[in-house]
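[1] show me how the following folds:
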Amino acid sequence: MIKKVKPTTPGRRQASFEDFSDITRKKPEKRLIVIQKKRGGRNAQGKITVRHRGGGAKRYIRMIDFKRDKFNIPAKVASIEYDPNRGARIALLNYADGEKRYIIAPTDLKVGEEVISSQKQIEIKNGNAMPIQYIPAGVRVYNVELEPGKGALIARGAGNAVYVMGVEGKFAQIKMPSREIRLIKKECLCTIGQVSNSDKKLIKLGSAGRKRHLGIRPTVRGTAMNPVDHPHGGGEGKQSIGLKHPKTKWGKPALGVKTRNKKKHSSKMIIKRRGKKKR
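    A predicted model of the protein is given here:
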């Protein structure tokens, strides 16, 4: 749920916040966390590969089980928790053999419920994981693998889900959140349901300070710079870009340019490309 607060400042007038009413435990499981190291957008060579990163609140990384490879052992949901590294909620599972693991929680998963992962056909129930070949057409799933055993890569963000269109031969057809229809191997594991906290997209930060707490530094527009600093820069007063097409800071085409490799090996798995969103 999203809540508004008293407009005591201009920032709080615009801002909206999560109410965290679905959270049942505040502190994470100690054995399942590691300290997040700050890199400020730099790679192993020390070069900035992602700009406008730095600072932010200290965080712990929760080790999420994306493989769900603990098969045929029932697990009870111990708690629903907040994860600062993602929009979705996470669920702590207590397995019957004593092991504990975190998974991304689906919508409407409650504490005390039992979930299970299997390589065979099991009950169609929120939080259960099984190969996509056993799931009927029209069912929503998330945490979908692209290669069997590799771990979930598709539909992991808050509110996301993939629709199973059907299974034929060695492959299953799925409809992505972007409306793209593609094939994946029918042995790929997926989890039943939709990712929790779909209201995440409705939150307005409202102030620059909240943006800095997230570790995001200010982004300066190219048109506000000098010509020496950006291809869009220069001119008296406000100017349009003044070029045939927009460019990045380094002179490469930007804003809407397709960057996918036309010869990419997985292109043959895409049946229908994603379309433009209607406004």
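[2] any idea how far the residue with the largest distance to the centre of the chain is from Glu187?
    Each residue of the chain has a distance to the centre, and by Cα atoms, centre = their mean the biggest one is for Glu236: 41.5 Å. Going from Glu236 to Glu187 by Cβ to Cβ, to the nearest Å gives 63 Å. Every residue, glycine included, has its C-beta placed from N, CA and C.
[3] so where's this protein uncertain?
    Applying pLDDT under 70 to the chain flags the ranges 276-279.
[4] go again using 50 as the cut-off
    Judged against pLDDT under 50, the chain has no low-scoring part.
[5] got the domain boundaries for it?
    Domain assignment for the chain, taken from automatic domain parsing, gives 2-200, 220-279.
[6] who wins for proximity to Leu214 among the ones you listed?
    Nearest to Leu214, of all the domains of the chain, is domain 2-200, at 5.8 Å by Cβ to Cβ.
[7] now do the contacts for the residue most central in space within the chain.
    With distances taken as Cα atoms, centre = their mean, Gly157 lies nearest the centre of the chain, 2.8 Å away. By Cβ atoms under 8 Å, 6 or more residues apart in numbering, the contact set of Gly157 is 86-88, 195.
[8] any figure for the gap between the nearest residue to Gly56 once chain neighbours are set aside and Val5?
    Once flanking residues are discounted, Gly56 sits nearest to Gly215: 2.7 Å by Cβ to Cβ, 6 or more residues apart in numbering. Using Cβ to Cβ, one gets 23 Å for the distance from Gly215 to Val5.
[9] quick one: which of those two has more around it?
    Gly215 (17 against 12; other Cβ atoms under 10 Å).
[10] can I assume the more buried one is in contact with Gly55?
    Yes. Using Cβ atoms under 8 Å, Gly215 is in contact with Gly55, at 5.8 Å.
[11] Lys211 sits in which helix or strand?
    Per DSSP states H and E, Lys211 falls inside helix 208-213.
[12] now that helix: how far from the chain's centre is it?
    Its chain's C-alpha centre and that of helix 208-213 lie 20 Å apart, by Cα atoms, centre = their mean, to the nearest Å.
[13] that helix: which residues count as buried?
    By 16 or more other Cβ atoms under 10 Å, the buried positions in helix 208-213 come out as 211-212.
[14] what's the answer for stretch 38-45, then?
    Per 16+ other Cβ under 10 Å, stretch 38-45 contains no buried residues.
[15] need the distance between the two termini of it.
    15 Å (Cα to Cα, to the nearest Å).
[16] which residues does that stretch contact?
    Taking Cβ under 8 Å, 6+ apart as the rule, stretch 38-45 contacts 48-54, 56, 215.
[17] can you rerun that using 6 Å?
    48-50, 53-54 (Cβ atoms under 6 Å, 6 or more residues apart in numbering).
[18] in those residues, find the pair that's most separated.
    Pairwise distances across the contacts of stretch 38-45 (Cβ to Cβ) peak at 13.3 Å, for the pair Thr49 and Gly54.
[19] with neighbour numbers in mind, choose between those two.
    Gly54 (15 against 11).
[20] wait, what's in contact with the more buried one?
    Taking Cβ under 6 Å, 6+ apart as the criterion, Gly54 is in contact with 40, 217.
[21] is it true that Glu145 touches Thr191?
    No. Look at Glu145 against Thr191 with Cβ atoms under 6 Å: they stay out of range, at 10.1 Å.
[22] more neighbours: those two, which one.
    Comparing Glu145 with Thr191 by other Cβ under 10 Å, the one with more neighbours is Thr191, at 26 against 23.
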